[in-house]
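[1] Give me a 3D structure for the following:
(one chain, ligands or ions: 1)
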Amino acid sequence: MHFCYNKNMLELNKIDHWRSNRLPFFLKAETGSTNVDCRVYAEEYDGDFIFLAEKQNAGRGRRGRDFYSPDHGFYFSMCVNAVSGKEILYTLVCAVAAAEALEGCGQKTEIKWVNDLYQNGKKAAGILCEAIRSNEDFTLKKVIIGIGINVSEDPFPEELKDKAVRLGGIDRNQLAGLLSDALLKWLGAPEEEVLREYRHRSFLIGREVLYEINGREKSGRVTDINEKGNLVVLTEEGEDVLASGEISLKNWK
Ligand code: BTN
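    Presented below is the predicted three-dimensional model:
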């Protein structure tokens with residue numbers, strides 16, 4: 001394992017300075033995917049733990065997409081023992097914790113349902129939660145919380161240029177420490193508090209959005225994120241409640 005020698009290199013002793021938890025923390029200069037690292041390590045270690053990498057060669061996004069993961073970035077995965085039936089809560093917790101940690105590093109972001117972080121209408125971070133289930137009864141055993149934050153100075157590829165934003169001036173060691181603490185704090189928080197914070201940090205509430213439901217393109221105004229974490233949209237025909245899907249903003253400037 002080797003590390004780059006710039007002044008902002010990731011270093012475990014610096015990360016430790018910024019965190020109060022002592023979960024096992026693995027730093028990698030390069031990897032395929034930190035989510036995959038977690039899945040592999042979970043086979044031999046039963047506690048909670050974290051992987052963080054400078055660069056991913058096979059970064060995974062939601063819906064089977066790749067996640068652009070250039071060098072000197074921030075690719076973080078935490079593996080936690082899970083409570084079955086609380087799946088939606090994990091999704092909400094990650095977004096809240098990541099936004100809070102970024103705020104602690106001087107960067108204000110908002111949550112675009114379900115769990116992207118946006119700044120000025122562009123994506124700053126993406127989150128991919130993956131389940132590890134029991135082979136016997138398929139119950140949820142562990143959750144891998146994968147968070148990728150655009151901090152690398154490498155230019156975005158053409159297809160991301162207008163959609164993504166880089167968050168500058170971040171101390172990645174501080175971010176790693178704060179994020180690990182924030183995740184543990186929000187994972188232990190009551191559901192109503194998580195939801196309150198999620199709504200408070202929501203980018204979509206009050207905005208006009210476009211979405212697809214039952215094969216139809218529709219538009220409406222987001223009025224709430226309900227207690228199940230679903231998006232509530234008011235349209236001319238009534239209310240739609242969305243459990244998943246891609247949302248785009250109407251008239252975003
Ligand atoms: C998305 O926006 O579609 C989700 C992106 C999630 C990326 C993170 S980076 C750390 C972890 N490892 C991965 O391979 N993916 C997640």
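[2] Let me know the pLDDT of residue 253.
    As predicted, residue 253 sits at a pLDDT of 51.
[3] Then residue 6?
    pLDDT, residue 6: 40.
[4] Touching the host helix or strand of residue 90 from outside, list them.
    Assigned by DSSP states H and E, residue 90 belongs to helix 87-104. The contact list for helix 87-104 (Cβ atoms under 8 Å, 6 or more residues apart in numbering) reads 82, 108-111, 114-117, 124-125, 127, 129, 131, 140, 143, 145, 147, 149, 167, 170, 174-175, 178-179, 181-183, 185-187, 189, 191, 194-195, 197-198, 201, 228-229. (Each C-beta comes from the backbone N, C-alpha and C, glycine too.)
[5] repeat that with 7 Å
    Contacts with helix 87-104, where a contact means Cβ atoms under 7 Å, 6 or more residues apart in numbering, come from 109, 111, 114-115, 117, 125, 127, 129, 140, 143, 145, 147, 167, 175, 178-179, 182-183, 186-187, 191, 194-195, 197-198, 201, 228-229.
[6] Show me which parts of it are buried, residue by residue.
    Neighbour-count burial for helix 87-104, counted by 16 or more other Cβ atoms under 10 Å, picks out 88-102, 104.
[7] Can you tell me which of those residues is nearest residue 156?
    residue 102 (18.5 Å; Cβ to Cβ).
[8] so what's the closest residue to the ligand within the stretch 51-200 of the chain scoring on pLDDT?
    The ligand sits closest to residue 126 of the stretch 51-200 of the chain, with a gap of 2.1 Å, by Cβ to the nearest ligand atom. We note a pLDDT of 97 for residue 126 in this prediction.
[9] does any part of the host helix or strand of residue 50 sit near the ligand?
    If you go by DSSP H and E, residue 50 is part of strand 49-53. No: shown here: strand 49-53 not in contact with the ligand (Cβ under 6 Å from any ligand atom), separated by at least 7.6 Å.
[10] of the buried residues of helix 87-104, list those near the ligand.
    Okay, of these, nothing touches the ligand (Cβ under 6 Å from any ligand atom).
[11] for the ligand, what are the nearby residues on the protein?
    Contacts of the chain with the ligand, taken as Cβ under 6 Å from any ligand atom, map to 33-35, 56, 59-62, 65, 67, 75-77, 116, 126-128, 146-148.
[12] distance of the closest residue in space to residue 191 that isn't next to it in sequence from residue 127?
    Closest residue to residue 191 apart from its sequence neighbours, by Cβ to Cβ, 6 or more residues apart in numbering: residue 89 at 6.0 Å. Separation of residue 89 from residue 127 (Cβ to Cβ, to the nearest Å): 13 Å.
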